[in-house]
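Asker: could you look at this predicted model? Sequence included:
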Amino acid sequence: MADKLVAVGRSATEALVQVEGLPAAEAFSRLRALVQGWAGVAHNSIIEKVQYNEQQEMNAQATRMKRVKASK
């Protein structure tokens, strides 16, 4: 997993260098394509882990909100 994260970081750094100085819309389009490429890889454990962690955090926030409302 660590090697994959290093590769993603390197890829992101290279992409940022390529879009530096471009108009925002074009830079955004190129970066979006890069991220979609990462997400499109079948069984991409990095993307799956990020999605899982994000879902866990959203669930935890919902639980905290319920507790706050219940204590009022």
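Answerer: Yes, it's here.
Asker: make it CA atoms for all contacts and neighbour counts henceforth
Answerer: Fine.
Asker: buried sites along whatever helix or strand residue 29 lives in?
Answerer: In the assignment (DSSP states H and E), residue 29 maps to helix 24-39. Under the neighbour-count criterion of 16 or more other C-alpha atoms under 10 Å, helix 24-39 has 27, 30-31 buried.
Asker: could you check the angle the least confident helix or strand in the chain by mean pLDDT makes with helix 24-39?
Answerer: When each helix and strand of the chain is scored by mean pLDDT, DSSP states H and E, helix 2-19 comes last, with a mean of 78. On the basis of axes from the mean of the first three to the mean of the last three C-alpha atoms, to 10 degrees, helix 2-19 is oriented at 160 degrees to helix 24-39.
Asker: where in this protein is pLDDT low?
Answerer: For the chain, the stretches with pLDDT under 70 are 1, 4, 39-44, 46-47.
Asker: check which helix or strand the most centrally placed residue in the chain maps to.
Answerer: By C-alpha atoms, centre = their mean, the chain has its centre lying nearest to residue 50, at 6.4 Å. In this structure, residue 50 sits in helix 45-71 according to DSSP H and E.
Asker: count of neighbours near residue 14?
Answerer: The number of residues packed near residue 14 is 11, by other C-alpha atoms under 10 Å.
Asker: just to revisit the earlier point, hey, C-alpha coordinates of the helix holding residue 29 in PDB?
Answerer: Taking C-alpha atoms only, helix 24-39 is exported to PDB below (Å, rounded to 0.1, in the frame of the first residue of the first chain):
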ATOM      1  CA  ALA A  24      -8.000  27.200 -14.400                       C
ATOM      2  CA  ALA A  25     -10.600  25.400 -16.500                       C
ATOM      3  CA  GLU A  26      -8.000  23.500 -18.500                       C
ATOM      4  CA  ALA A  27      -6.000  22.600 -15.400                       C
ATOM      5  CA  PHE A  28      -9.100  21.400 -13.600                       C
ATOM      6  CA  SER A  29     -10.000  19.200 -16.600                       C
ATOM      7  CA  ARG A  30      -6.600  17.600 -16.700                       C
ATOM      8  CA  LEU A  31      -6.500  17.000 -13.000                       C
ATOM      9  CA  ARG A  32     -10.000  15.500 -13.000                       C
ATOM     10  CA  ALA A  33      -9.000  13.100 -15.800                       C
ATOM     11  CA  LEU A  34      -6.000  12.000 -13.700                       C
ATOM     12  CA  VAL A  35      -8.200  11.400 -10.600                       C
ATOM     13  CA  GLN A  36     -10.800   9.600 -12.700                       C
ATOM     14  CA  GLY A  37      -8.000   7.400 -14.000                       C
ATOM     15  CA  TRP A  38      -7.000   6.400 -10.500                       C
ATOM     16  CA  ALA A  39     -10.600   5.700  -9.600                       C
END
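Asker: thank you kindly, that will do.
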